[in-house]
Structure formats: C-alpha cells, structure tokens
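no sequence on this one, just coordinates:
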C-alpha cells in the first residue's frame, strides 16, 4: 500500500511469507485500520491462516504494526527508508528479540537448530578449511519460540520469549475431530494432537501467544488465551498503554503500570537526593 504526498512517499508492505494472520498488529493499531479475516475453504480442506487486510483510508503509516509484529511481516518505509515514526518520536516501544548464539560451542557437523526452526530462519555453515561454524539467524522475523534453544544439544543458543501468557484448550468445548488450530499454528510443536483422546493439547514451551489458533477456532470458548507480559524497550506513552490494554490481560497490564509507577517514584527520589549527596561530598 502506497501513499504519495508532495514531499514524501509512504509505503506499507505486509510480507505474506512471514505473516501468520495473528491478531497482534490489529489489536495494537490505534486507528483500527487492520482487520484479520478468515479464509473460506471447501469441505474436507484444512484450515488456512487468516489474512491481514489494511484499510488505506484509516492507515496513517505510523509504523506501530512494524514495531509490534512478532514475525516481522509488516514494514513501513518513508521515501524508501525503513522508518517507524512512532519509535523516532518515542511514543511507542519496539519489542525485544533477545537471541544469542555462540557458534564456538557447535561441532562442525551439527545443524540441529537449522533443521528444527519452524520458520526456516536459521542457517548454519562450516568453513571447509578452518571448520569454523557460523550461525546466521534472521532476527527481524524471529518470534522467539525457543525451539532452537531447547533442541540444541550443545546449549549454544539462548532465546528469551517476546510474549508470555497462557493458552488453554477447553476439552469439553473442543469439537471432536477438529484440528483447525493445529493446521494454522506457525510453530510446529506448540500444539499437538493426542493419540489417546484425539484432542488438541498445548506445549507452552514453544507457544508465542500470537492468537491465530483462537481466530480460526470454530467453537467459541474452546481456546482461552491471555498474555501477561510483552518484552519491549522503555516508553512513556498513552498510545502504548491503550495497545497494552488490548494485547495483555488485566493483571499483566496492571503489573506493568505498577512497575512504571515504581520506576518513576524511584527516579523522583533519586533526583531529590542527588543535591544532598553533592552537598555532603563538598563538606
């Protein structure tokens, strides 16, 4: 989507390869310009991931979708440069992708992390002469599911989740034989089908709490999702508080706002004590 003004050209691109059709960007959008629409299907077909659509009349290219997308699927450019005005103005935070890889711990014949990555974001290469291993991770698209860390036999990877929360499957409401949520889940292993009772179960070690499973679920209340924390850069903004209210559960939002209040109090006390400390040093 492109908008050409006299002085600048704005462009919003959604990469369908990385977009999983989750609800994160639509919840955070202050203008409700993004809608997540289910895809129709014929009888017998597997469920397909929803499509994120943007209303050009409502979008003002603020870049919030760019900063909040766990999968790095949205990109706003101004005159061809990747710029998120909300970040430049410090009115909205960026999510934190904390991923470290120590390739010195890797044997030259191991590429387990590359194999298990559900989004094919990791490539492992070994220099033919030096046998030095290099791990390349596309961090901008990584949702930090932690599969690579947990599956790594050498403990060479460290990943911290972007989102934490809880995903619960209500077995009584879950339709028998339905696996729509499993079909659309972008993280292989976050949901699995039990051979014993034919029901869907959650492995929260891998879940990114994106919410695409809940969107496609045909039975209301069969999936209950709540987000408790979102790892992000520091920010003081009413826009972020409004987004947080939609993205996180009430306890999660309350916890963050209380944390901010404590930080502000500590900062105020520090400023009050600073002159006294300087005066004591002089004496």
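That came in fine, so what should we check first? Since we're looking at a predicted model, the values are computed, not measured.

Quick one: the helices in the stretch 101-250 of the chain, in order.
112-116, 147-151, 180-184, 212-216, 238-247, 250-282 (DSSP state H, counting those that start in this stretch).

The second one - contacts with which helices or strands?
Applying 3 or more C-beta pairs under 8 Å, 6 or more residues apart in numbering; DSSP states H and E, we find helix 147-151 packed against helix 112-116, strand 157-160. Using the backbone N, CA and C atoms, a C-beta is placed for each residue, glycine as well.

Can you list the low-confidence ranges for the stretch 101-250 of the chain?
250 (pLDDT under 70).

Which parts of it are strands?
122-126, 133-137, 157-160, 163-169, 191-193, 200-202, 223-230 (DSSP state E, counting those that start in this stretch).

give me the element the residue nearest to the spatial centre of the chain is part of.
In the chain, the residue lying closest to the centroid (C-alpha atoms, centre = their mean) is residue 70, at 2.4 Å. Per DSSP states H and E, residue 70 falls between elements, in no helix or strand.

Count the neighbours of the closest residue to it other than its chain neighbours for me.
Of all residues beyond its chain neighbours, the one nearest residue 70 is residue 143 (4.2 Å), with distances taken as C-beta to C-beta, 6 or more residues apart in numbering. Residues within reach of residue 143, counting by other C-beta atoms under 10 Å, total 27.

what's the answer for residue 200, then?
Neighbour count of residue 200, defined by other C-beta under 10 Å: 22.

which residues does it contact?
Residues in contact with residue 200 (C-beta atoms under 8 Å, 6 or more residues apart in numbering) are 169, 174, 179, 181, 182, 191, 192, 193, 194.

Quickly list what it is bridged to.
Legend: beta-bridge partners of residue 200 under DSSP bridges are residue 193.

measure it to residue 143 for me?
According to C-beta to C-beta, to the nearest Å, residue 200 and residue 143 sit 20 Å apart.

Equivalent analysis for residue 1, please.
Distance from residue 1 to residue 143, by C-beta to C-beta: 24 Å.

With residue 48 instead?
Taken as C-beta to C-beta, the span from residue 48 to residue 143 is 19 Å.

gap between the residue lying closest to residue 117 once chain neighbours are set aside and residue 221?
Using C-beta to C-beta, 6+ apart and skipping the chain neighbours, the partner closest in space to residue 117 is residue 148 (5.7 Å). As judged by C-beta to C-beta, residue 148 and residue 221 stand 33 Å apart.

before we move on, what SS does residue 10 have?
Assigned by DSSP: H, G, I helix; E, B strand; the rest coil, the conformation of residue 10 is strand.

picking up where we left off before, export the strands of the stretch 101-250 of the chain to JSON lines and tack on distance to residue 214?
Output for the strands of the stretch 101-250 of the chain, formatted as JSON lines (distance: least, C-beta to C-beta, whole Å):
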{"stretch": "strand 122-126", "distance to residue 214": "28"}
{"stretch": "strand 133-137", "distance to residue 214": "28"}
{"stretch": "strand 157-160", "distance to residue 214": "24"}
{"stretch": "strand 163-169", "distance to residue 214": "8"}
{"stretch": "strand 191-193", "distance to residue 214": "11"}
{"stretch": "strand 200-202", "distance to residue 214": "12"}
{"stretch": "strand 223-230", "distance to residue 214": "5"}
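
still on that earlier bit, any of the contacts of residue 200 buried? List them.
169, 174, 179, 181, 182, 191 (16 or more other C-beta atoms under 10 Å).

Next secondary structure after whichever strand or helix holds residue 35?
Assessed by DSSP H and E, residue 35 sits inside strand 34-37. Per DSSP H and E, the first helix or strand lying C-terminal to strand 34-37 is strand 51-54.

Great, nothing more from me.
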